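**Student:** Everything below, folded, please.
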Amino acid sequence: MPPPDRGNSAGPGDAGDNIPPPSSNDDCGQAEKDIIDQKELRRCGRGIRRLVTLCGTVTQLVAEYDRRLLRPESDNNNTNGDDGNSDEDDEDIPPEKREEVRSRRDRDYQSYLELAKLVLALKVRITNPHQEARMLYYARLLDCANNARSDDTARVKPNIANLLNNRANNPASPPLDLETRDTRGLQNNFTGRLICPIKYDWEDPVVRAKIRDCVDGHNASDDYWLRCLYEGEKGDPEDVEKGFLKSALLVKTFQMIFTSPSSARGNLDAEPVPERRERRKKAPSKCPPVAEQLRMDGQVTTRSIAYVAVQLHFALCDATHWMNHYNGFNYEEFYEFIIDFFEADQTPEGKAASTELLNWWNIQVFPRSAATRAALSISARQSSLTVLREQRRARLSRIPSWLLSK
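**Tutor:** Numbering: from 1, shown residues only. Below you'll find the predicted structure:
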């Protein structure tokens, strides 16, 4: 069945798609609306990589939404619930690839839902009958998205080096160059340890040499349980979940991008002045932090954590510019792994663990938010009730059994 008919005729973009400079005869009210539309497009576009998808396109996400929109008509006998996957959908896919394809579809659909929350005008825009206008709107969103990712990459590069050079415990030695990543990566003992999987003993020079030469099965890109993501930068290969995604370095990177003064400086999180350059004191910027601009409402999301994990790893490697894959490391797959860490396990235990970790993040990043206060209130109530139950159980255990039977 063909996708929803949104028209194929080429035509001018709707408001905000292709706006010429206002002429002397333009209506002032319309000109002002056009400016507001452009600002909103830029605001939303700059949030796509940060909150929605690392590498995907708007067209790709809308296509998955369309596919699911058609399923009630094309697959009335679906027995798989509302997961958007059916045997009919997969007839042309080799059996060994079906699970991978279904996971990608589910991830794209969840990303579409996040996109619709970010871009409130999306559902109106995708019904525009002019295909050219739709494609232009999608392209403009994506340009803003990629520009924001590049800006974040440039921001984190000097700031993470400055943080590591000046921390009290185990600072970088020799200090990392703030201006370039050329001397970072696996060839640097300090950054190499941080981006090395915990299953390898980086302190062993023989192991380090094997990792650098990628010999005897020593490959630093073959799993994503990386030291830089762990609390205290130490992880247990026998208990990989313990301390994972609780790294102080990861939290600091999140703050660099979403909440710190440097990320709010200038218009729409402009580039910060390099740390080594002296600068005059000036009044604090009135531009709100990125998290506020993106209306995160004091809540960290799984995709924002995944995005920050990517930016942290990239800042520690020696790539000269942004790449989806570098030196055998697949950043798109890494990003999806972090999302799956939170979302793939839909058992009650898995959901509870994810909620607990997100609450921990909210406390670290947004300690004064309503969401954090609510989580702390629930946690306090639960811990208080636990104390009550344990004390009652202890008192009952001290009562003779013959007395309880009366």
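
**Student:** alpha carbons only for contacts and neighbour counts from here, please
**Tutor:** Will do.

**Student:** The helix or strand hosting Gln60 packs against which elements?
**Tutor:** In this assignment (DSSP states H and E), Gln60 forms part of helix 58-74. In terms of contacts (3 or more C-alpha pairs under 8 Å, 6 or more residues apart in numbering; DSSP states H and E), helix 58-74 is packed against helix 95-118, helix 131-166.

**Student:** Looks like Gly235 contacts Ser247 (just checking).
**Tutor:** No - when contacts are counted by C-alpha atoms under 8 Å, Gly235 is not listed as touching Ser247 (10.4 Å).

**Student:** mind listing what Arg184 touches?
**Tutor:** Leu176, Thr191, Gly192, Leu316, Cys317, Asp318 (C-alpha atoms under 8 Å, 6 or more residues apart in numbering).

**Student:** For the first one, give its distance to Arg134.
**Tutor:** In other words, Leu176. Per C-alpha to C-alpha, to the nearest Å, Leu176 is found 45 Å from Arg134.

**Student:** what ranges of the stretch 51-200 of the chain fall below the confidence cut-off?
**Tutor:** For the stretch 51-200 of the chain, applying pLDDT under 70 flags the ranges 72-90.

**Student:** And for the stretch 251-400 of the chain?
**Tutor:** Applying pLDDT under 70 to the stretch 251-400 of the chain picks out residues 261-286, 369-381.

**Student:** coming back round to it: so which of the contacts of Arg184 sit within helices?
**Tutor:** Those of the contacts of Arg184 mapping onto helices are Thr191, Gly192, Leu316, per DSSP state H.

**Student:** you'd agree the first one is up against Cys317?
**Tutor:** Meaning Thr191. Yes - at 7.4 Å, Thr191 counts as touching Cys317 under the criterion of C-alpha under 8 Å.

**Student:** overlap in contacts of the two?
**Tutor:** By C-alpha under 8 Å, 6+ apart, the residues touching both Thr191 and Cys317 are Arg184, Gly185.

**Student:** can you list the domain ranges for the chain.
**Tutor:** If you go by automatic domain parsing, the domain ranges for the chain are 28-147, 148-269+285-339.

**Student:** Dump the ones you listed to JSON lines, plus distance to Trp361.
**Tutor:** What follows is the domains of the chain, written out as JSON lines (distance: least, C-alpha to C-alpha, whole Å):
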{"stretch": "domain 28-147", "distance to Trp361": "15"}
{"stretch": "domain 148-269+285-339", "distance to Trp361": "6"}
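
**Student:** Tell me which of these sits nearest to Ala353.
**Tutor:** Taking C-alpha to C-alpha, domain 148-269+285-339 is the member of the domains of the chain nearest to Ala353, at 9.9 Å.

**Student:** tell me how far the ends of that closest one are from each other?
**Tutor:** Start-to-end, domain 148-269+285-339 (C-alpha to C-alpha) is 20 Å.

**Student:** confidence score at Asp34?
**Tutor:** On pLDDT, Asp34 comes in at 60.

**Student:** follow-up on the earlier one: so which of the helices and strands packed on helix 58-74 gets nearest Leu357?
**Tutor:** Where the helices and strands packed on helix 58-74 are weighed against each other on C-alpha to C-alpha, the nearest is helix 95-118, at 19.6 Å.

**Student:** Toward the C-terminus, what is the element adjacent to the closest one?
**Tutor:** Proceeding C-terminally, helix 95-118 gives way to helix 122-125 as the next helix or strand, assigned by DSSP H and E.

**Student:** Show me the one in the contacts of Arg184 that has more neighbours than the rest.
**Tutor:** Counting neighbours by other C-alpha atoms under 10 Å, Leu316 leads those with 26 neighbours.

**Student:** Verify the contact between Leu141 and Cys44 for me.
**Tutor:** Yes - in this structure, Leu141 is within contact of Cys44 by C-alpha under 8 Å, at 7.2 Å.
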